[in-house]
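Engineer: compute the structure for the input listed below.
(chains A and B)
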Amino acid sequence: MTFTPETEQKLQAIWSRYPAGRKRSAVIPMLMYAQDETGQVTQEMIAEVAKRCEVTPLQVEEVVGYYSMLNKQKMGKHHVQVCTNIACLLMGGEELWHHTTKRLGIGHKQVTADGLISLEEVECAGACSWAPCVVDGYEYHHHMTIEKLDQLLDSIENKVQ
Amino acid sequence: MFNEPHPDEVRIITKRFGLPNSASIDTYLAHEGYVAFMKAAEMTPEAIIEELKVSSLRGRGGAGFPTGLKWSFIPRDNPKPKYVVVNADESEPGTCKDRLLIENDPHQLIEGCLIAARTIGCKLGYIYIRGEYRYLIDIMDKALAEAYAHGYLGKNIKGTGIDFDLYTHSGAGAYECGEESALLESLEGKRGVPRIRPPFPAVSGLYASPTVLNNVETFCSVPAILRMGGQAYADLGTPKNGGTRMLCVSGHVNRPGVYEIPLGFSMQKMIYDVCGGIRGGKKLKAVIPGGSSSPVLKADECDFPMDYDNYARMKTMAGSGGMMVMDEDTDIVKVALRTMRFYAHESCGWCIPCREGTTWLRKILTRMDEGTGRRADIDLIHELAKNMLGRTFCPLGDAAAMPTIGFVEKFREEFEARLRETVVPVTSPDQLIAIG
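Structural biologist: Here you go, the predicted structure:
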């Protein structure tokens, strides 16, 4: 499996951080960066990471099954994550979540028909003092309101046209 | 993003926050950066550990274990390589402090790791950062590259003869990996399930080798301790509870934010002075004082000096410093349910009392919340939670049970009121399952 030069460079840098014989440590970070390129974890990717990290594909597979950020299902170009954990719940996170599902017409871990946006109700994202928070990919949006969320979704939808 | 500082704060580890380019090595070096490491290089490991013991620094990640004691457990005659591991998997609901420490002052963390490496004689370390914090991994990678370029990492650091390499490591979304032994499993490329202890990580940690594993804030406090001296640091707090800590206040206060306060600071003052009181002139109902794992406090219990021992006296815990404030309109049953939904989602499934306990508690709390609960459910919740305590490899089982017991014991009347409310018609298959 081949990656873009940037991803390839990143994967090699990650690989080199661990002592000889301990390359299994690179499995999770490598999957994270490889997934960023393809939008999902594929069988081909699992085989590739297994080869590079000197483990069996099954050992990679069991890791993919465990971590919530590794997805075998293709996610949208924008993965919108709404936090509804306690601190966000207190500040209206649930209302944001319901609004988003209604507006996009999709639910938890589902993708819009055009493949643009996927949605996830996430556990504490670590923005409690600036709640409620919505994360687009890796980008944090604090002090969210329904208006600000609509603006964010508008800008995502308009960027594509 | 960082809130305005408050005059009651004592800014030791956040003192560089707000400086221009506070994350750069130039700013760090201009403000006492790497001074403590150079000092540590001249000191014996015993002297460094003694200084930490005098400072009475306790772990800032949740358990509050004395740091000096933890470091002293590393067997220095062990021929295996030794490791330093930073726990930056900040995911305890209510906690958002490590994020600021890395974002605003990454070199302080590097210096803390360097001092740990010098103390235990270690050449390699990792900073385990939760996968969601990708932008922090980028900031940290940049800071690490700067430290290498300036000779503060790598071979023969600044002529001291000390070699040390430090790298970031990305997690991939798992609360359980914030628990030390699960974190080590994850760092080894496996599922994040806990290990049985003993042996503790100090003896058998990463790659079955002696490992110092601490929270970001703990490492960040170490340079300040060596600079100002253990005693001066200890004097900022209360006996056996030295120094300052970061408190992340969220919920219904006028000025939520992350504040650095000395240990023993009054909770009343924290809520009403520093955070400006309850928003909208409402009354205080309850506080979850140290992350979602800590048992809730009722309004009349929220007046005590906040140090580890006093939290324990109040039958709760200092935890990770995530303080969630709830006003009189807060629905406690909903909060209890959301807490349990979190633990049921994050339980790794390794220990049955936790895996089954959290799932059943979630189901029962769901029907309570929807108004289809039964009278016996209240005692069932209490009993189920009590049966989880102390029966798991790692503290996640306890972390789920303790707050639930707290909610039921302290706000029983709210659960009972929910029973009297109208029964809603069943609309979803989930509900049918919940009703059982």
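Engineer: thought B:Glu346 was touching A:Val122?
Structural biologist: No. B:Glu346 is not in contact with A:Val122 according to Cβ atoms under 8 Å; the separation is 11.4 Å. For every residue, glycine as well, the C-beta is placed using N, CA and C.
Engineer: grab the nearest non-local neighbour of the residue nearest the centre of chain A.
Structural biologist: The residue lying closest to the centre of chain A (Cα atoms, centre = their mean) is A:Met69, at 5.1 Å. Using Cβ to Cβ, 6 or more residues apart in numbering or on different chains and skipping residues adjacent in sequence, the residue nearest A:Met69 is B:Gly173, 3.5 Å away.
Engineer: phi first, then psi, for that neighbour.
Structural biologist: Note on B:Gly173: backbone dihedrals following degrees, to the nearest 10 are phi 90, psi 80.
Engineer: contacting residues around it?
Structural biologist: Taking Cβ atoms under 8 Å, 6 or more residues apart in numbering or on different chains, we find B:Gly173 in contact with A:67-70, B:130-132.
Engineer: closest to B:Arg191 out of those residues?
Structural biologist: Nearest to B:Arg191 out of the contacts of B:Gly173 is A:Tyr67 (Cβ to Cβ; 8.2 Å).
Engineer: tell me how many other residues surround that closest one.
Structural biologist: Using other Cβ atoms under 10 Å in any protein chain shown, A:Tyr67 has 22 neighbouring residues.
Engineer: so what's it scoring on pLDDT?
Structural biologist: Looking at A:Tyr67, its pLDDT stands at 96.
Engineer: the residue lying closest to it once chain neighbours are set aside: which element?
Structural biologist: Once flanking residues are discounted, A:Tyr67 sits nearest to B:Ala172: 3.6 Å by Cβ to Cβ, 6+ apart. Assigned by DSSP states H and E, B:Ala172 falls within no helix or strand.
Engineer: how close does A:Thr7 sit to A:Met1?
Structural biologist: Counting by Cβ to Cβ, to the nearest Å, the separation of A:Thr7 from A:Met1 is 11 Å.
Engineer: typed the wrong thing, it's B:Arg338
Structural biologist: Going from B:Arg338 to A:Met1 by Cβ to Cβ gives 40 Å.
Engineer: those two: which has the busier surroundings?
Structural biologist: Per other Cβ under 10 Å, whichever of B:Arg338 and A:Met1 has more neighbours is B:Arg338, with 24 against 13.
Engineer: quick one: the strands in chain B?
Structural biologist: Counting by DSSP state E, chain B has strands at residues B:83-88, B:124-129, B:165-170, B:211-215, B:244-251, B:257-262, B:265-266, B:284-288, B:297-298, B:305-306, B:322-327.
Engineer: so the residue lying closest to B:Val325 once chain neighbours are set aside versus B:Thr359, what's the distance?
Structural biologist: Spatial nearest neighbour of B:Val325, chain neighbours left out: B:Gly251 (4.0 Å); criterion: Cβ to Cβ, 6+ apart. Going from B:Gly251 to B:Thr359 by Cβ to Cβ gives 27 Å.
Engineer: the more surrounded of these two?
Structural biologist: Neighbours per residue (other Cβ under 10 Å) separate B:Gly251 from B:Thr359, with B:Gly251 holding more: 27 against 16.
Engineer: wait, doesn't that one sit right on A:Gly92?
Structural biologist: No. Assessed by Cβ under 8 Å, B:Gly251 is found out of contact with A:Gly92, at 11.6 Å.
Engineer: so stretch B:204-214, near chain A or not?
Structural biologist: Yes. For stretch B:204-214, a contact with chain A is found by Cβ under 8 Å from any Cβ of the partner chain, at B:Tyr207.
Engineer: low pLDDT regions in chain B?
Structural biologist: For chain B, applying pLDDT under 70 flags the ranges B:1, B:422-436.
Engineer: can you rerun that using 90?
Structural biologist: Within chain B, the ranges that satisfy pLDDT under 90 run B:1-5, B:62-63, B:76-77, B:371-372, B:375, B:419-436.
Engineer: buried sites along whichever strand or helix holds A:Glu6?
Structural biologist: Per DSSP H and E, A:Glu6 falls inside helix A:5-15. Residues of helix A:5-15 classed as buried: A:7, A:10-11, A:14-15 (neighbour count, 16 or more other Cβ atoms under 10 Å in any protein chain shown).
Engineer: before we move on, what about stretch B:6-16?
Structural biologist: Going by neighbour count (16+ other Cβ under 10 Å), the buried part of stretch B:6-16 is B:6, B:9-10, B:12-16.
Engineer: can I get that stretch in CSV, CA atoms only?
Structural biologist: Extracted C-alpha coordinates of stretch B:6-16, given in CSV (Å, rounded to 0.1, in the frame of the first residue of the first chain):
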residue,chain,number,x,y,z
HIS,B,6,-7.8,36.2,39.0
PRO,B,7,-5.9,38.0,41.8
ASP,B,8,-6.4,35.0,44.2
GLU,B,9,-4.5,32.7,41.8
VAL,B,10,-0.9,31.7,42.7
ARG,B,11,0.7,31.2,39.3
ILE,B,12,3.6,28.9,39.5
ILE,B,13,3.2,26.5,36.5
THR,B,14,1.0,28.9,34.6
LYS,B,15,3.3,31.9,35.1
ARG,B,16,4.4,32.0,31.4
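Engineer: that stretch close to chain A?
Structural biologist: No. Using Cβ under 8 Å from any Cβ, stretch B:6-16 stays clear of chain A, with a minimum separation of 13.3 Å.
Engineer: who's in contact with that stretch?
Structural biologist: B:5, B:17, B:22, B:27-28, B:31, B:100-101, B:104-105, B:108, B:217, B:220-221, B:224, B:228, B:233, B:236, B:243-244, B:246, B:259-262, B:265, B:269, B:273-274.
Engineer: tell me how far the residue nearest to A:Tyr67 lies from B:Phe200.
Structural biologist: Following Cβ to Cβ, the distance that separates B:Ala172 from B:Phe200 is 25 Å.
Engineer: who's more crowded, the two?
Structural biologist: B:Ala172 (23 against 16).
Engineer: contacting residues for that one?
Structural biologist: B:Ala172 touches A:28, A:31-32, A:67-70, B:131, counting by Cβ under 8 Å, 6+ apart.
Engineer: who wins on neighbours among these?
Structural biologist: When neighbours are taken as other Cβ under 10 Å, the top entry among these is A:Ile28 (34 neighbours).
Engineer: residues contacting it?
Structural biologist: A:63, A:67, A:70, B:169-172, B:186, B:189.
Engineer: mind doing that once more with 6 Å?
Structural biologist: B:Ala172 (Cβ atoms under 6 Å, 6 or more residues apart in numbering or on different chains).
Engineer: same check, this time on B:Leu206
Structural biologist: With Cβ under 6 Å, 6+ apart, B:Leu206 has these contacts: B:83, B:85, B:184.
Engineer: how about the contacts made by the residue nearest to B:Val325?
Structural biologist: A:90, B:324-326.
Engineer: those: which two are farthest apart?
Structural biologist: Pairwise distances among the contacts of B:Gly251 were taken by Cβ to Cβ; the largest, 8.2 Å, belongs to A:Leu90 and B:Val325.
Engineer: residues near residue 124, how many?
Structural biologist: Picked chain A for this. 28.
Engineer: hmm, no, I was thinking of chain B.
Structural biologist: 21.
Engineer: which positions in the stretch 251-400 of chain B make contact with chain A?
Structural biologist: Within the stretch 251-400 of chain B, the positions near chain A by Cβ under 6 Å from any Cβ of the partner chain are B:251, B:256-258, B:292, B:324, B:338, B:342.
Engineer: and B:Asp273, how far is that from B:Phe265?
Structural biologist: Note on B:Asp273: its distance to B:Phe265, by Cβ to Cβ, is 10 Å.
Engineer: and B:Glu413, by the same measure?
Structural biologist: 31 Å.
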